[in-house]
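model the structure of this input:
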Amino acid sequence: MTLVETIQRCALTHRRGERMAASELLVEIIDGLQSVMALEQSSVRHERFGAIIETITAAQQRGDVIAIADALEYELAPLLA
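You can find the predicted model right below:
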């Protein structure tokens with residue numbers, strides 16, 4: 001499964017309320033992003049990835065699974081497609 005596919009699956013899993021599975025997929029996504037960022041030279045993209053991760057973290061703290069899913073699907077996935 002590609003990173004984008006994992007992101008899409010994680011978004012769907014969040015929307016379904018499957019917290020454990022969504023958390024496991026989110027760990028995979030963060031690991032994948034670390035690999036992408038290691039190869040990426042653009043500081044603008046690094047900043048954008050960081051901002052999206054902050055959005056996801058804030059949504060997690062609020063328990064807002066829809067905001068997490070939206071950030072993954074509509075912000076993060078397009079950056080990697």
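
going by C-alpha atoms from here, please, whenever you check contacts or count neighbours.
Will do.

and the one residue sitting closest to the centre of the chain, helix, strand or coil?
Computing the C-alpha centroid of the chain and ranking residues by CA atoms, centre = their mean puts residue 72 first, at 4.3 Å. Following DSSP: H, G, I helix; E, B strand; the rest coil, the label given to residue 72 is helix.

any idea how far residue 20 is from residue 33?
20 Å (CA to CA, to the nearest Å).

looking at those two, which is more packed in?
residue 33 (18 against 11; other CA atoms under 10 Å).

helix or strand for the more buried one, just tell me which one.
In the assignment (DSSP states H and E), residue 33 maps to helix 19-39.

show me what that helix is packed against.
Packing partners of helix 19-39 (3 or more CA pairs under 8 Å, 6 or more residues apart in numbering; DSSP states H and E): helix 3-15.

can you name the farthest residue from the center of this structure?
residue 41 (19.7 Å).

helix, strand or coil: sort out it for me.
coil.

report pLDDT for it.
The score at residue 41 is 78. That number is its pLDDT.

give me the buried positions along the helix holding residue 33.
Buried residues in helix 19-39, defined by neighbour count with 16 or more other CA atoms under 10 Å: 22, 25-26, 28-29, 32-33.

grab the CA positions of that helix and hand them over as CSV.
The C-alpha atoms that make up helix 19-39 are tabulated as CSV, following Å, rounded to 0.1, in the frame of the first residue of the first chain:
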residue,chain,number,x,y,z
ARG,A,19,-9.7,4.5,16.9
MET,A,20,-7.2,1.6,17.4
ALA,A,21,-6.9,0.8,13.7
ALA,A,22,-6.7,4.5,12.9
SER,A,23,-4.0,5.1,15.5
GLU,A,24,-1.9,2.2,14.0
LEU,A,25,-2.3,3.6,10.5
LEU,A,26,-1.3,7.1,11.7
VAL,A,27,1.9,5.7,13.1
GLU,A,28,2.6,4.2,9.6
ILE,A,29,1.9,7.6,8.0
ILE,A,30,4.3,9.4,10.4
ASP,A,31,7.0,6.9,9.6
GLY,A,32,6.4,7.3,5.9
LEU,A,33,6.5,11.1,6.2
GLN,A,34,9.8,10.9,8.0
SER,A,35,11.2,9.0,5.0
VAL,A,36,9.7,11.4,2.5
MET,A,37,11.0,14.4,4.4
ALA,A,38,14.5,12.9,4.6
LEU,A,39,14.5,12.8,0.7
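
all set, thanks.
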